[in-house]
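**Q** need coordinates for the below:
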Amino acid sequence: MISAPHTPARLRSADLRKIMVDASAPVGYLRSLQGVNGAPSPGAHKPESFKFGGWNMPERIDVSAGYRMARIDLVRTHDAYGPTDIDAKFETADAPGGGLISAHRDVFDIFTDPNADADNPRSYNFGPTDQIIASIHKVGAQVMFRLGRSEGSDAQPPKDFNKYAAIAKHIVLHYNRGWATGFHYHIRYWEIWNEPDLGKVFWAGTAPQYYELYGKLARAVKSADPHALVGGPAIARPNDDTPYRDAFLEYVRTERLPLDFYSWHWYATDSDDPLDFIRISRDTRARLDKHGFTRTRSMVTEWNYGLMDPLPTAVQRASFITAALIYMQDAPIDAATLYRADSVFGADGATPDKTGQALIALGKLKDTPYRLKVKGADLNGFAVEAARSADGRTVQILLSNYQIPSEFLGPRAADDVLHVPPVFDVRLLARRSISYRNNSGYDLTIDHLPANRRYSVERCRISAANDFASVGTPIYATAPIRLQNELPPPGIELVTLRALDEAPVDAAMQRPEDPATPPIQAQTPVSPDHCSASIAASWVK
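**A** From the prediction side, this is the model:
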């Protein structure tokens with residue numbers, strides 16, 4: 001066993017987290033949860049004047065290069081502010097916030113004239129949306145098409161649900177069946193509306209009205225493409241007993257409506273706890289199963305750090321996101337689309353910030369799809385994922401050392417409800433009490449590697465001082481390999497072992513016992529050699 005580099009003198013061994021990785025026997029396949037909101041092409045970003053959340057960026061930027069580097073494989077089309085919207089009307093008396101989004105963006109809607117004929121191809125303005133969908137397709141990602149309107153638009157229900165369903169049907173026909181000089185993209189996911197449970201921000205109608213609209217649109221989508229997957233309701237309050245949980249599921253079951261996926265949203269507000277998503281996903285899965293929807297997928301189609309909290313540091317958000325995605329591997333979550341990613345790759349679309357770097361690190365795990373057994377990680381923020389390639393020549397270990405800020409630990413002084421008067425209340429999860437220890441770094445052992453080989457070991461770090469850069473000189477060692485290093489929170493590190501010898505694969509190297517579950521697909525790789533080669537050299541530090 002070789003330990004390199006040595007533990008710094010100022011750091012006690014007891015302060016390090018002991019992590020064990022068994023490289024010999026994979027326990028399954030990594031699931032790709034590399035989905036995001038926000039299309040890569042120009043024309044669909046959050047306007048520069050809309051500062052809330054920090055996701056705004058210039059319209060002219062194309063972030064396709066960044067999406068390819070991060071191997072983003074699912075993009076939800078919500079909040080493009082005109083493109084992909086059916087009939088959004090901004091800057092009106094009925095639009096929440098009034099002037100958040102300029103009414104000039106109404107011209108980008110798909111169906112701009114409510115009095116037009118829904119069966120006539122000339123009634124549709126597909127051009128702006130065609131550009132958005134094409135940009136997603138070109139980066140190798142699937143589309144999750146949200147049928148409805150973006151934030152800041154009129155929240156009143158459509159006046160004619162039957163006509164709205166006819167419009168939705170023709171949108172599906174355009175993109176999946178070639179209607180109106182269209183395409184054959186085979187878009188799988190069609191999500192009906194957004195957050196109807198959040199006051200009157202997106203839906204000013206009643207719950208029964210939403211049920212009716214859902215039913216008509218769901219059947220319209222299926223009539224246009226029986227292979228399409230339809231779902232909703234994209235709720236913002238998954239912990240509240242609103243009509244969009246059990247009552248909605250009962251309506252869908254009674255009316256025998258399709259529900260291929262059930263979508264929900266969560267921002268870890270007033271907890272900043274990456275375990276929030278796992279706790280909610282378990283409750284959601286149990287609820288779906290109770291109502292007989294055992295085959296319906298559970299998808300978190302918006303998620304991120306605390307939405308109403310002070311903005312975290314760049315590396316704090318990146319570490320939070322990385323830990324959450326590692327935890328989601330073991331959660332009943334079938335897809336996840338981070339809100340949002342078109343703003344995390346810089347002014348040139350290829351200069352990632354800390355979150356963009358974290359997404360790139362997560363994307364690189366696609367090179368090693370066979371998940372390995374890990375001991376020593378926890379659910380408090382010290383998250384670890386390990387995987388290897390099919391031939392056993394490459395092993396990657398991704399570590400995220402995240403620590404919940406002290407002000408968000410322990411019970412709240414008041415009730416567990418976020419009050420946003422007079423618009424809405426959202427029930428929060430009870431906060432956890434955690435005493436952090438032995439999380440100043442890691443004492444990592446990678447055992448049961450094929451014998452008689454030498455390995456290069458590269459450590460790629462994301463921290464306040466490091467932009468996914470190689471830390472030190474790669475190490476050449478014989479197995480087993482032990483690494484002891486500082487990694488104070490918040491911090492992320494991707495450790496990559498590569499066999500240098502051309503020896504045949506060891507017979508002891510096994511594959512998962514369940515070959516029926518396919519591994520994630522390794523899209524066009526960026527560079528298999530060095531972390532620094534994965535990203536543009538001109539990062540802004």
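
**Q** in contact with the residue nearest to Leu359 when sequence neighbours are not counted, which residues?
**A** Leaving out its chain neighbours, the residue that sits closest to Leu359 by CB to CB, 6 or more residues apart in numbering is Ala70, at 3.9 Å. Every C-beta, even on glycine, is put in place using the N, C-alpha and C of the backbone. Contacts were defined as CB atoms under 8 Å, 6 or more residues apart in numbering; by that measure Ala70 touches Gln34, Ala341, Pro352, Gly356, Leu359, Ile360, Leu362, Gly363.

**Q** what's the farthest-apart pair in the residues you listed?
**A** Gln34 and Pro352 (14.1 Å; CB to CB).

**Q** one step back: restricted to helices, list the contacts of Ala70.
**A** Gly356, Leu359, Ile360, Leu362, Gly363 (DSSP state H).

**Q** distance of the last one relative to Ala323?
**A** As judged by CB to CB, to the nearest Å, Gly363 and Ala323 stand 16 Å apart.

**Q** repeat that for the second one.
**A** Per CB to CB, Leu359 is found 13 Å from Ala323.

**Q** neighbour count for the two, which is higher?
**A** Legend: neighbour count by other CB atoms under 10 Å for Leu359 and Ala323, higher for Ala323 (30 against 27).

**Q** relative to Phe382, how far out is that one?
**A** With CB to CB as the criterion, Ala323 and Phe382 are 8 Å apart.

**Q** phi and psi next, for the spatially most distant residue from the centre of the chain.
**A** Computed with CA atoms, centre = their mean, the residue of the chain farthest from its C-alpha average is Asn452, at 39.9 Å. For Asn452, the backbone dihedrals are phi 60, psi 40 (criterion: degrees, to the nearest 10).

**Q** could you give me the buried positions within stretch 203-220?
**A** Residues of stretch 203-220 classed as buried by neighbour count (16 or more other CB atoms under 10 Å): 203, 205, 207, 210-220.

**Q** turn those residues into JSON lines, columns for distance to Pro312, pLDDT and secondary structure.
**A** Formatted as JSON lines, these follow (distance: CB to CB, whole Å; pLDDT from 0 to 100; DSSP: H, G, I helix; E, B strand; the rest coil):
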{"residue": "Trp203", "distance to Pro312": "30", "pLDDT": "97", "secondary structure": "coil"}
{"residue": "Gly205", "distance to Pro312": "36", "pLDDT": "97", "secondary structure": "coil"}
{"residue": "Ala207", "distance to Pro312": "35", "pLDDT": "98", "secondary structure": "helix"}
{"residue": "Tyr210", "distance to Pro312": "34", "pLDDT": "98", "secondary structure": "helix"}
{"residue": "Tyr211", "distance to Pro312": "38", "pLDDT": "98", "secondary structure": "helix"}
{"residue": "Glu212", "distance to Pro312": "41", "pLDDT": "98", "secondary structure": "helix"}
{"residue": "Leu213", "distance to Pro312": "37", "pLDDT": "98", "secondary structure": "helix"}
{"residue": "Tyr214", "distance to Pro312": "35", "pLDDT": "99", "secondary structure": "helix"}
{"residue": "Gly215", "distance to Pro312": "41", "pLDDT": "98", "secondary structure": "helix"}
{"residue": "Lys216", "distance to Pro312": "41", "pLDDT": "98", "secondary structure": "helix"}
{"residue": "Leu217", "distance to Pro312": "37", "pLDDT": "98", "secondary structure": "helix"}
{"residue": "Ala218", "distance to Pro312": "38", "pLDDT": "98", "secondary structure": "helix"}
{"residue": "Arg219", "distance to Pro312": "43", "pLDDT": "98", "secondary structure": "helix"}
{"residue": "Ala220", "distance to Pro312": "41", "pLDDT": "98", "secondary structure": "helix"}
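
**Q** what's the closest of these to Asn194?
**A** Distances from Asn194 to the buried residues of stretch 203-220, taken by CB to CB, are shortest for Trp203, at 8.2 Å.

**Q** excluding its backbone neighbours, what's nearest the closest one?
**A** Going by CB to CB, 6+ apart, Trp203 has Pro196 as its nearest residue, at 3.6 Å.

**Q** where's the one you found, which helix or strand?
**A** For Pro196, there is no enclosing helix or strand under DSSP states H and E.

**Q** Glu59 reaches Ser41, doesn't it?
**A** No: assessed by CB atoms under 8 Å, Glu59 is found out of contact with Ser41, at 10.0 Å.

**Q** which one of these two is surrounded by more residues?
**A** Ser41 (25 against 14).

**Q** would you confirm that the more buried one belongs to a strand?
**A** No: going by DSSP: H, G, I helix; E, B strand; the rest coil, the assignment for Ser41 is coil, not a strand.

**Q** please report how far it lies from Ala361.
**A** Plainly put, Ser41 is 24 Å away from Ala361 if you go by CB to CB.

**Q** show me where the stretch 201-350 of the chain has helices.
**A** Along the stretch 201-350 of the chain, counting by DSSP state H, counting those that start in this stretch, helices occupy 207-224, 246-254, 276-290, 314-328.

**Q** buried deepest among these, which one?
**A** Among the helices of the stretch 201-350 of the chain, the stretch with the highest mean neighbour count (mean count of other CB atoms under 10 Å) is helix 314-328, at a mean of 25.

**Q** quick one: that one to helix 276-290, angle?
**A** Relative orientation of helix 314-328 versus helix 276-290 (axes from the mean of the first three to the mean of the last three CA atoms, to 10 degrees): 30 degrees.

**Q** ok, and what's touching helix 314-328?
**A** For helix 314-328, contacts defined as CB under 8 Å, 6+ apart pick out 33, 268, 272, 274-275, 277-278, 281, 303-305, 312, 336, 338, 353-355, 357-359, 361-362, 379, 381, 383-385, 398, 400-402, 405, 462-464, 489-492.

**Q** close enough to count as contact, Arg268 and Ile278?
**A** Not Arg; residue 268 is Ala. No: contact criterion CB under 8 Å: Ala268 and Ile278 do not qualify, at 11.2 Å.

**Q** circling back: the more surrounded of Gln34 and Pro352?
**A** Pro352 (29 against 25).

**Q** hmm, Gly363 and that one touching each other?
**A** No: counting by CB under 8 Å, Pro352 stays clear of Gly363, with 11.0 Å between them.

**Q** residues in contact with Ala155?
**A** Shown in contact with Ala155 (CB under 8 Å, 6+ apart): Asp94, Ala95, Pro96, Arg149, Lys200, Val201, Phe202, Trp203, Ala204.
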